[in-house]
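**Q** predicted model, plus sequence, below.
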Amino acid sequence: MTAAGDTLRFGKTGRARRRVLFLALSGMAPLAVIAALCAGALPIAPTQLVRALATPMISPADIAGDPSAHILWALRLPRALLAFAAGALLALGGCCAQGVFRNPLADPGLLGISSGASVAAATAIVLLPTSLPGTLALLSPWLVPGAAFAGAMTVTTLLFHLSRHSERPRVQTLLLSGIAVNALCFAAVGALITIANDAQLRTLSFWTLGSVAGATWTSVGILVPICAIALVLLLPQARALDALLLGEREARHVGIDVPRVVRRCTVGIALGVGGTVALTGLIGFVGLIVPHLLRSVLGPGHRALLPGSVLGGGLLLLLADTASRTVVAPIEVPVGVLTATIGGPLFLALLQSRREQP
Amino acid sequence: MLRVDALVAGYRSGATQRIVVPALSTTVRPGHLVCLLGPNGAGKSTLMHTIGGSLAPLAGRVWLGDRDLHALAPRARAQSVAIVTTERVTAPLLTGWQLVALGRQPHTGWFGTLTDEDRARVDHALRLAAATDVAPRPIGDLSDGERQRLLLARALAQSDQLLLLDELTAFLDLPRRVDVMRVLRQLARESGCAVVLSTHDLDLALRTADRLWLLPRGGPLQVGAPEDLVLSGAFRDAFAADGIEFDAHDGAFRLPDARVRAVSLEGEGLALRWTARALERAGFRVQSQRGDQVRRVRVVAAREGTRWQLDDGAPLASIAELIDGLP
């Protein structure tokens, strides 16, 4: 066999593997949506699903009288969409953070980006009015997400400056900075809790656990445009993130405008994570688990990893949310508890495997 | 054609400038292989980075054809200039093939999708750099030499106008080094690509390069055909400060030793030449005239074979005995 044949074969196996995985992920996504819509305290048979989904189109008046159509349209559909979008954004944000920080353990939760968003969101809840006066009232649902974005943006920028000083950012430095940011944010939320009133307190407590139970069409309407902007910003960075694997200098040598890539990634990550945190609270480890699992199958190339993370992250959070409300029904386990239960041990295993490397 | 125009390379921090290479003007013709020689710390890497456009010059310009390299966008510059640095690169899981494919990045579209032509260029570059066999392996598992072959392949895949290779051959074994130089020269000739290679391999540079750039510590860069620089004495001078002696007669480099003592040598033929070599290796300076304080060695053709005589002692049967007899 010739050496050239080897290369070709190697290229083909890589591509074939990628194709199989993408087919599997995109095939599973609709199945997971169907499962999420059917399962729950009031099970809806898949055969009834089409009729229940069609109800508003055929006879809108019947919605109130048909419990399955009502549950589907008011609760399960927005919740499924929110879960998918949130998971996709978190995984994509994690994957980009790992690429741009050149740190396999970067995760929006561990680095404190989510905490930064939650502090800013909590500040907005406690200190800002719930609705804006006059014509600005239309913007009031965007107050908390906007604040969360600003918080996420601040932390991401700060982390980047902290890790920039060496050509090869240290894994430890970044994670330790994350611990410090998390502690700071925890203190800030604590301070906010002491001055919050009862209603605000209830809203605040929802952050610590992380859940998509509060999904409404409004929250879906907020997250979908955020999702679109984040995808448009982050997906085209694949090529640059590949080049960054070898370091900033090497990336410059193959023509990457590193500062521009960093700016776009920072804004994209902050948008995705900030928006998600504002609507779902702190759901940890999705950004760590998904890119890691995919990397072991797809390799380190971001052109496959980024879209793979979008699909995989959405799928993971949708399945986790469906499990969280059906496994011990009627009790609902917050989905953040579930992802942390899977993600915590995985993170420890990753740390262990890194330590064994020379 | 690469044209370096009154280029001053160095570093700027705030208002202070540290000049590493003072005003340099020269050209590199398409198809020429240039070797940049100089002691450690003379500023070879700084000069390479400045010419390549990744380091801003303190003054002057670098033209590639009619384009000012420092005025180009990073992507456009990377399409025509490929740099390999001494930096040790690694990334988990990244394979050799993917590393080389990064060289095609400046030529790809919005999503960085590799076309069949890009893939063919990558495979071709791997063949030229004799790195096809290591392409499927993760680069973390490779030796320094194997990684350097991949980096050369990446540069070849990236640009066919200007290659700047900083100490590319440092980790390669001798046959591979000779082979890389042969490939580079052939490639330069055939594709019209200009290659600038910084190296410590004086001997190989002297034999292979179309032009030499000599960069003494702190001194101005000297440019010329290797033979011109030897004849003008520039070659000897550039390394004299570093304690390397260059013998223009046999084109060899020596490390002078202050404790060297002279030995006078008489005789003829092949045995004489190899005896001289052995004595030099043992740290003696060989001369033909006899002197007062100088030990005398004679190579004598006797009936029973070649014999060596040290001063007026008994004839010795081998060079080894002769060397052992000298304190």
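**A** Okay, I see it.
**Q** now the helices for the stretch 151-300 of chain B?
**A** Counting by DSSP state H, counting those that start in this stretch, the stretch 151-300 of chain B has these helices, from start to end: B:174-191, B:202-208, B:226-231, B:234-240, B:269-281.
**Q** what's the third one in contact with?
**A** To tie it back to what came earlier, the one meant is helix B:226-231. Residues outside helix B:226-231 that contact it (C-beta atoms under 8 Å, 6 or more residues apart in numbering or on different chains) are B:205-207, B:209, B:211-212, B:214, B:222, B:235-236, B:246, B:248, B:251. C-beta coordinates here come from the backbone N, C-alpha and C atoms, glycine included.
**Q** A:E332 should be in a strand, yeah?
**A** No - checked against DSSP: H, G, I helix; E, B strand; the rest coil, A:E332 lies outside a strand; its state is coil.
**Q** are we agreed that A:L351 is in a helix?
**A** Yes - using three-state DSSP, the secondary structure at A:L351 is a helix.
**Q** could you measure from it over to A:P104?
**A** Using C-beta to C-beta, to the nearest Å, A:L351 is found at 10 Å from A:P104.
**Q** the two: which is more packed in?
**A** A:P104 (19 against 12; other C-beta atoms under 10 Å in any protein chain shown).
**Q** once you drop chain neighbours, what's closest to the more buried one?
**A** Once flanking residues are discounted, A:P104 sits nearest to A:Q98: 5.7 Å by C-beta to C-beta, 6 or more residues apart in numbering or on different chains.
**Q** what of B:L187?
**A** Closest residue to B:L187 apart from its sequence neighbours, by C-beta to C-beta, 6+ apart: B:C193 at 6.1 Å.
**Q** shaky segments in chain A?
**A** Segments of chain A classed as low confidence (criterion: pLDDT under 70) are A:1-14, A:56-65, A:130-132, A:164-172, A:354-358.
**Q** dig out what the nearest residue to B:D68 once chain neighbours are set aside forms beta bridges with.
**A** Leaving aside its sequence neighbours, B:D68 sits nearest to B:R61 (C-beta to C-beta, 6+ apart; 5.6 Å). Going by DSSP bridges, B:R61 is paired in beta bridges with B:D5.
**Q** repeat that for B:S264.
**A** B:S264 forms beta bridges with B:Q287, B:R296, as assigned by DSSP bridges.
**Q** sorry, back to before: packing partners for the host helix or strand of the residue nearest to A:P104?
**A** A:Q98 is located in helix A:77-100, with elements delineated by DSSP states H and E. Using 3 or more C-beta pairs under 8 Å, 6 or more residues apart in numbering or on different chains; DSSP states H and E, the elements in contact with helix A:77-100 are helix A:3-38, helix A:217-234, helix A:238-244, helix A:258-280, helix A:286-298, helix A:302-326.
**Q** tell me the contacts of the nearest residue to B:F246 once chain neighbours are set aside?
**A** The shortest distance from B:F246 to any non-neighbouring residue, by C-beta to C-beta, 6+ apart, is to B:R236 (4.6 Å). For B:R236, the contacting residues are B:230, B:245-246, B:248, by C-beta under 8 Å, 6+ apart.
**Q** show me what contacts B:A238?
**A** So B:A238 contacts B:37-38, B:214-216, B:219, B:222 (C-beta under 8 Å, 6+ apart).
**Q** a markdown table please, covering these and showing neighbour count.
**A** Below are those laid out as a markdown table (neighbours: other C-beta atoms under 10 Å in any protein chain shown):
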| residue | neighbour count |
| --- | --- |
| B:L37 | 26 |
| B:G38 | 24 |
| B:L214 | 23 |
| B:L215 | 25 |
| B:P216 | 19 |
| B:G219 | 16 |
| B:Q222 | 20 |
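**Q** mind picking the two most distant members of those?
**A** B:L37 and B:G219 (12.4 Å; C-beta to C-beta).
**Q** out of the helices and strands packed on helix A:77-100, which gets nearest to A:A191?
**A** That would be helix A:258-280 among these, by C-beta to C-beta, at 18.5 Å.
**Q** could you tell me the angle between that closest one and helix A:302-326?
**A** 10 degrees (axes from the mean of the first three to the mean of the last three C-alpha atoms, to 10 degrees).
**Q** mean pLDDT lowest for which of the helices of the stretch 151-300 of chain B?
**A** Set side by side, the helices of the stretch 151-300 of chain B give their lowest mean pLDDT on helix B:234-240, at a mean of 79.
**Q** buried stuff in it?
**A** Under the neighbour-count criterion of 16 or more other C-beta atoms under 10 Å in any protein chain shown, helix B:234-240 has B:234-235, B:238-239 buried.
**Q** closest to chain A out of those residues?
**A** Among the buried residues of helix B:234-240, B:A238 lies closest to chain A (C-beta to the nearest C-beta), at 28.6 Å.
**Q** for that closest one, give its distance to B:L215.
**A** Distance, B:A238 to B:L215, by C-beta to C-beta: 8 Å.
**Q** list the residues that contact both of these two?
**A** By C-beta under 8 Å, 6+ apart, B:A238 and B:L215 have these common neighbours: B:37-38, B:222.
**Q** chain A: which of these is nearest?
**A** The closest of the shared contacts of B:A238 and B:L215, once distances to chain A are taken by C-beta to the nearest C-beta, is B:G38, at 21.8 Å.
**Q** so who does that closest one touch?
**A** Residues in contact with B:G38 (C-beta under 8 Å, 6+ apart) are B:44, B:198, B:214-217, B:238.
**Q** list the ones among those that fall in strands.
**A** B:198, B:214 (DSSP state E).
**Q** now render the contacts of B:G38 as JSON lines, adding distance to A:P291.
**A** As requested, the contacts of B:G38 are exported to JSON lines (distance: C-beta to C-beta, whole Å):
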{"residue": "B:K44", "distance to A:P291": "40"}
{"residue": "B:S198", "distance to A:P291": "39"}
{"residue": "B:L214", "distance to A:P291": "50"}
{"residue": "B:L215", "distance to A:P291": "45"}
{"residue": "B:P216", "distance to A:P291": "51"}
{"residue": "B:R217", "distance to A:P291": "48"}
{"residue": "B:A238", "distance to A:P291": "52"}
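**Q** other residues contacting the helix or strand where B:L322 lies?
**A** Using DSSP H and E, B:L322 maps to helix B:319-325. Outside helix B:319-325, the residues within contact range by C-beta under 8 Å, 6+ apart are B:274-275, B:278-279, B:282, B:297, B:308, B:310, B:313, B:316.
**Q** rerun at 7 Å
**A** Identification of contacts with helix B:319-325 by C-beta atoms under 7 Å, 6 or more residues apart in numbering or on different chains yields B:275, B:278, B:282, B:297, B:308, B:310, B:316.
**Q** just the buried subset of these, please.
**A** For those, a burial check counting by 16+ other C-beta under 10 Å picks out B:275, B:278, B:297, B:308, B:310, B:316.
**Q** for the second one, which non-adjacent residue is spatially closest?
**A** The shortest distance from B:A278 to any non-neighbouring residue, by C-beta to C-beta, 6+ apart, is to B:I319 (4.9 Å).
**Q** pick out the residue closest to the middle of the chain.
**A** Just so you know, I chose chain A. The centroid of chain A falls nearest to A:L90 when counting by C-alpha atoms, centre = their mean (1.5 Å).
**Q** that's the wrong chain, I meant chain B
**A** The centre of chain B sits closest to B:T199, judged by C-alpha atoms, centre = their mean, with a distance of 2.5 Å.
**Q** how about the contacts made by it?
**A** If you count contacts by C-beta under 7 Å, 6+ apart, B:T199 has them with B:35, B:37, B:167, B:169, B:205.
**Q** so what's the second one up against?
**A** I take that to be B:L37. B:L37 is in contact with B:199, B:202, B:205, B:212, B:214-215, counting by C-beta under 7 Å, 6+ apart.
**Q** looking at those, spot the one nearest chain A.
**A** Of the contacts of B:L37, the one sitting nearest to chain A (C-beta to the nearest C-beta) turns out to be B:T199, at 19.2 Å.
**Q** roughly how far does the closest one sit from B:G38?
**A** 10 Å.
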